[in-house]
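[1] here's my sequence, what's the structure:
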Amino acid sequence: MARSTVGTYLAKRFEDIGLRHYFMVPGDYNLVLLDELLRNKNVEQVGCCNELNAAYAAEGYARANGVGALVVTFNVGALSALNGVAGAYAERLPVIFVSAGCNTNDPVANHLVHHSLGTHDLSYQYEMLRQVTCAAVRILHAEDAPGLIDHALRAALRERKPAYIEIACNLSTAPCAEPPPFETVLTSEPGSAPALAAAVEASAALLDGAQRPLLLAGPLLRSYGGIDAFRELAEALGCAVAVMPAAKSFFPEDHPQFIGIYWGGVSSPGCEPIVDWADLVLAAGPMFTDYSTVGWTAMPASERLIDVSPRSVRCPRTEYTDVAMADLLSALSRRVRKNDTTLVQYRREARRVQPEAASRSADENGGARGDAPLTRIELFRQIEKTLDDKTTLLVETGDSWFNGMYLHLPEGARFEIEMQWGSIGWAVPASFGYAMGLEADRRLVSVIGDGSFQLTAQEVASMIRHGRRTLIFLVNNRGYVIESEIHDGPYNYIKNWDYAGLMAAWNADDGHGLGLKATTGAELAQAIETAHRHEGGPVLIECQIAHDDCSPQLLKWGTRVALANERPPVHA
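    Residues are numbered from 1 along each chain as shown. All right, here's what the predicted structure looks like:
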């Protein structure tokens, strides 16, 4: 039997945590490590165009698969990837970030090495990555590798955040102990039984005592395994259920208790008044930020909020720590009494506003000709028609957020958004990574603005290389529309590209991607029909609309976020 090396130990652990793929960019410090990882045939090595894209791809893969990984070279690779890893940290996604390090002999010999700052202290990469990971280890001795690797992986899986592993370049083939069964090194989820019991008792008393309770789903529900338990609680309580924008699809939109997206002044019609009217809101896994609260204008008051975080529960007067979110929600579902007051009120209000909404919708769409210039409304009307229960809709930062947010998702459909980190350029490589981790019977539809696309466009070539059938709606509105609505300036307008034409260049002589262009509703309908028939690679539909054709929600949101950004200093 072949001996275990530091590299093969890591490869076996990749397999143990459920990876079928990991992403990488080769560099001279990590080449031997990549050789060792290739010895495990159960996990596929996937190359990316650059390290930032590899990090975004690993983050997207973690969304689909539960955990992702990337392997890069020392400094020039790792520091390029840092932004994507920070995004995974902000979005609470476990990504295993592996970087090669310098030869262990060089620091002792006081050598200056390439890909460094030209200093003798070579620990700065590790120190930087410590800030954006839940665990960071440096493997400088082969015998320490098993324990350090397992510690990093255990922390990432437990905390649902990235972990950093740096492996000295001359240790990849060094022998180390064989990996024991991974379940023997996992630790159970944290949780104190007395704290859980007390938190359940206090929360149940508050919910039973409320006249108008309401549930709010937050973006951390998925990361910490609370989606099913949240639905249990919702159905036991029977009240109205709203979701935060980054939690769209975490509660079925066809469910009779669903009342829409709560996003302050840009909420779904009828949702904001009900949330504001509730005398108690239980928010499960929320992240209240300037973006999600529309510039701090949509924060539930603390005196009427039960904030269920991944490891704690904060009631109006008391906080309970060491309580796991899913355990709390599930236990509460067996303790609460039915109270559908907020749901009844929402339905009463909805009956009143629905005719008005229908009238507005008819006005917006009425009279549109198939040969008329393509509009935002027509674009997203046709996108919505393509969605089914096996679709994931992924939207990039920008007006795609707002237009995608208000599309109806059938039960089973999923929605992906990077709202906390909000890094423009995320969507293309994240789509690639997500598609690599997707189940065979599911499909990915991505909506990406032209400004975002230009940052990381080359990763479409990787989709072509691996035959991913992603459908990309490229919204060509000639610039950064979201930035224009927050604060306009000449810097928000970009050089136009022939986006559909790029697909031929990326195909070269062996690719099967398809580029299409739509300037009218009829052309878009034909392009979508063609896309559904296409096999063997991604389809990009370049959708040309006017720069100022943006959603009214973006206008309102952008104004309020700008006001929050521009608040003058407060002097004591």
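
[2] all helices of the stretch 1-150 of the chain, in order?
    Using DSSP state H, counting those that start in this stretch, the helices assigned to the stretch 1-150 of the chain run over residues 6-16, 31-38, 51-65, 78-90, 105-108, 124-130, 145-159.

[3] lowest average pLDDT across those?
    Among these, helix 105-108 has the lowest mean pLDDT, at a mean of 85.

[4] check which residues of it are buried.
    By neighbour count on 16 or more other C-beta atoms under 10 Å, the buried set for helix 105-108 is 106-107. C-beta here means a position set from N, CA and C on the backbone, and glycine is covered the same way.

[5] with stretch 506-513 instead?
    Neighbour-count burial for stretch 506-513, counted by 16+ other C-beta under 10 Å, picks out 506-507, 511, 513.

[6] so of these, which ones are in helices?
    506-507 (DSSP state H).

[7] columns pLDDT on top of the buried residues of stretch 506-513, output as a markdown table?
    A markdown table is the format used below for those (pLDDT from 0 to 100):
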| residue | pLDDT |
| --- | --- |
| Trp506 | 97 |
| Asn507 | 98 |
| Gly511 | 97 |
| Gly513 | 98 |
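
[8] let me know the closest of the buried residues of stretch 506-513 to Ala198.
    Proximity to Ala198 was ranked across the buried residues of stretch 506-513 by C-beta to C-beta; first place goes to Gly513, at 56.5 Å.

[9] quick one: that closest one and Pro252, what's the gap?
    Applying C-beta to C-beta, to the nearest Å, the value for Gly513 to Pro252 is 33 Å.

[10] same deal with Leu34?
    Counting by C-beta to C-beta, the gap between Leu34 and Pro252 amounts to 43 Å.

[11] now do the contacts for the spatially most central residue of the chain.
    Central residue of the chain (C-alpha atoms, centre = their mean): Glu418, 4.5 Å from the mean position. Residues near Glu418 by C-beta atoms under 8 Å, 6 or more residues apart in numbering: 87, 91, 396-397, 426-427, 430.

[12] try it again with 10 Å
    Glu418 makes contact with 56, 59-60, 63, 87-88, 90-91, 93, 246, 394-397, 401, 424, 426-427, 430 under the criterion C-beta atoms under 10 Å, 6 or more residues apart in numbering.

[13] where does the prediction get shaky in this protein?
    Applying pLDDT under 70 to the chain picks out residues 1-2, 187-190, 352-369, 482, 485, 562, 571-572.

[14] tell me the residue furthest from the middle of it?
    Ala109 (43.6 Å).

[15] for that one, grab phi and psi.
    Main-chain torsions, Ala109, degrees, to the nearest 10: phi -80, psi 0.

[16] alpha carbons only: can I get stretch 53-65 in CSV?
    The C-alpha atoms that make up stretch 53-65 are tabulated as CSV, following Å, rounded to 0.1, in the frame of the first residue of the first chain:
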residue,chain,number,x,y,z
ASN,A,53,-11.9,33.6,-10.2
ALA,A,54,-10.8,30.3,-8.5
ALA,A,55,-11.9,31.8,-5.2
TYR,A,56,-15.2,32.9,-6.5
ALA,A,57,-15.7,29.5,-8.2
ALA,A,58,-15.0,27.7,-4.9
GLU,A,59,-17.5,30.0,-3.2
GLY,A,60,-20.1,29.2,-5.8
TYR,A,61,-19.3,25.5,-5.5
ALA,A,62,-19.8,25.7,-1.7
ARG,A,63,-23.3,27.2,-2.3
ALA,A,64,-24.3,24.1,-4.4
ASN,A,65,-22.2,21.4,-2.7
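
[17] now that stretch, how far from the centre of its chain.
    Centroid displacement of stretch 53-65 relative to its chain, using C-alpha atoms, centre = their mean, to the nearest Å, is 9 Å.

[18] and stretch 456-467, by the same measure?
    Going by C-alpha atoms, centre = their mean, the spacing between the C-alpha centre of stretch 456-467 and its chain's C-alpha centre is 19 Å.

[19] ok so, going back, where's the residue farthest from the centre of the chain relative to Val32, distance?
    Computed as C-beta to C-beta, the Ala109 to Val32 distance reads 20 Å.

[20] just His111 next, same as before
    Using C-beta to C-beta, one gets 19 Å for the distance from His111 to Val32.

[21] so between these two, which is more surrounded?
    Ranked by neighbour count (other C-beta atoms under 10 Å), His111 and Val32 place Val32 first, with 18 against 13.

[22] out of everything not next to it in sequence, what's closest to that one?
    What sits nearest to Val32 in space, not counting adjacent residues and going by C-beta to C-beta, 6 or more residues apart in numbering, is Ser172, at 4.5 Å.

[23] quick check: the residue farthest from the centre of the chain touching Asn103?
    Yes - under the criterion of C-beta atoms under 10 Å, Ala109 lies in contact with Asn103, with a separation of 9.2 Å.

[24] neighbours of Asn65, how many?
    Neighbours of Asn65 under the rule other C-beta under 10 Å: 22.

[25] is it true that Ala54 touches His21?
    No - Ala54 sits out of contact with His21 when judged by C-beta under 10 Å, with a separation of 11.4 Å.

[26] find residues that contact each of those two.
    For the pair Ala54 and His21, residues contacting each of them under the criterion C-beta under 10 Å, 6+ apart are 46, 68-69, 433.

[27] strands - which of those land there?
    Cross-referencing those against strands under DSSP state E gives 46, 68-69.

[28] what is the nearest of those residues to Ala283?
    Gly68 (27.4 Å).

[29] so who does that closest one touch?
    The contact partners of Gly68, taken as C-beta under 10 Å, 6+ apart, are 17, 19, 21-23, 54-55, 57-62, 88, 93-97, 156, 162, 433-434, 436-437.

[30] please redo it, this time with the cut-off set to 8 Å
    Contacts were defined as C-beta under 8 Å, 6+ apart; by that measure Gly68 touches 19, 22-23, 57-62, 88, 93-96, 433, 437.

[31] for stretch 414-423, how far is the first residue from the last?
    Distance between the two ends of stretch 414-423: 21 Å, counting by C-alpha to C-alpha, to the nearest Å.

[32] buried set for that stretch?
    Using 16+ other C-beta under 10 Å as the test for burial, stretch 414-423 gives 414-423.

[33] of those residues, which is the nearest to Glu349?
    For those, the residue nearest Glu349 by C-beta to C-beta is Phe415; the value is 24.9 Å.
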